[in-house]
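J.: Need coordinates for the below:
(2 chains)
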Amino acid sequence: MAAEPAHPLRNHIRVERARHDLTQEQLAELVGVTRKTINTVETGKFIPSTVLALKLARALHTRVDELFYLDDTD
Amino acid sequence: MFAAMVMDPRRRAHRVFDTAVFLWGTAGAVTLVIGAVQDIRGGAWPLPLDVVNGVAVCVAVLALAVAGAAWLRLRSLRAVVEDERTRETHLRSSTAALLGTLAVQLPFFFHVSVPSVAQAKLTVAAALTVYGATRWWLNRDA
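T.: Residues are numbered from 1 along each chain as shown, chains lettered A, B, ... in the order given. Reported below is the predicted structural model:
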């Protein structure tokens, strides 16, 4: 089981990606990054820039604040 | 094995590129360390050291050629090879490599005398090793 990231930023990318039937590779191609970058953003290991967050939200037909959220339990 | 055969061409090219660069760095560092050891020892090259050095040089040259071919393949497939995460990884690895090169200079402060040519080789080897190790560590779960 993967360890929880140290920062409180969480996301719904995996869920949204599955809803649109996209692989990490396909999403990476849509937003112009590597597959590894999508993987690390999904797992919370890498915090994307605002530009990448906006691109991800656009590719997944959602809003940034719906895709990313702060975990208030911390 | 079968999974690797049916792997997406871009992913395969990425993997080949990463592996080749890793091998190049490792073999390069081995060559430099062996060269430094020989510079410190002086005299004729002992056979085992000579053989390991020869193999490392061959691996480094071959790996560099494979990395170049994989990079061209990635370009022809229009794959993304650099983005904000890879740039951040590069920056963090470079910072770690700088600390590594500084650490290699420490013996100088304890008056350990090392020939400057050996010191230069050890410095570059440390930079390569620490950069590669940090990069691998940061990419380990990606």
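
J.: and residue A:17, what does it touch?
T.: By C-beta atoms under 8 Å, 6 or more residues apart in numbering or on different chains, residue A:17 lies in contact with A:23, A:24, A:27, A:42, A:60. Using the backbone N, CA and C atoms, a C-beta is placed for each residue, glycine as well.

J.: Looking at those residues, state which has the most neighbours.
T.: residue A:27 (23 neighbours; other C-beta atoms under 10 Å in any protein chain shown).

J.: which outside residues touch the strand or helix carrying it?
T.: Assigned by DSSP states H and E, residue A:27 falls within helix A:24-31. Here helix A:24-31 makes contact (C-beta under 8 Å, 6+ apart) with A:13, A:17, A:22, A:34-35, A:37-39, A:42, A:52, A:55-56, A:59-60, B:8, B:10-11, B:80.

J.: any idea which element the closest residue to residue A:31 other than its chain neighbours lies in?
T.: Nearest residue to residue A:31, sequence neighbours excluded (C-beta to C-beta, 6 or more residues apart in numbering or on different chains): residue A:55, at 4.2 Å. Element membership for residue A:55 (DSSP H and E) is helix A:50-59.

J.: Save the contacts of residue A:17 as JSON lines, and put in pLDDT and distance to residue B:41 too.
T.: Putting the contacts of residue A:17 into JSON lines (pLDDT from 0 to 100; distance: C-beta to C-beta, whole Å) gives the following:
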{"residue": "A:23", "pLDDT": "93", "distance to residue B:41": "54"}
{"residue": "A:24", "pLDDT": "93", "distance to residue B:41": "50"}
{"residue": "A:27", "pLDDT": "95", "distance to residue B:41": "54"}
{"residue": "A:42", "pLDDT": "94", "distance to residue B:41": "51"}
{"residue": "A:60", "pLDDT": "96", "distance to residue B:41": "61"}
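
J.: from these, which is closest to chain B?
T.: In terms of C-beta to the nearest C-beta, no member of the contacts of residue A:17 lies closer to chain B than residue A:23, at 9.3 Å.

J.: OK, contacts around the closest one?
T.: Taking C-beta under 8 Å, 6+ apart, one finds residue A:17 in contact with residue A:23.

J.: Distance of it relative to residue B:134?
T.: Counting by C-beta to C-beta, to the nearest Å, the separation of residue A:23 from residue B:134 is 29 Å.

J.: wait, is residue A:10 part of a strand?
T.: Yes: Residue A:10 sits within a strand when classified using DSSP: H, G, I helix; E, B strand; the rest coil.

J.: number of nearby residues for it?
T.: 13.

J.: number of nearby residues for the closest residue to it other than its chain neighbours?
T.: Counting by C-beta to C-beta, 6+ apart, residue A:10 lies nearest to residue A:71, which is 5.0 Å off, once chain neighbours are set aside. Using other C-beta under 10 Å, residue A:71 is surrounded by 12 other residues.

J.: Next: residue A:45.
T.: Counted with other C-beta under 10 Å, the neighbours of residue A:45 add up to 18.

J.: Thought residue B:141 was touching it, still the case?
T.: Yes: counting by C-beta atoms under 8 Å, residue A:45 touches residue B:141, with 6.3 Å between them.
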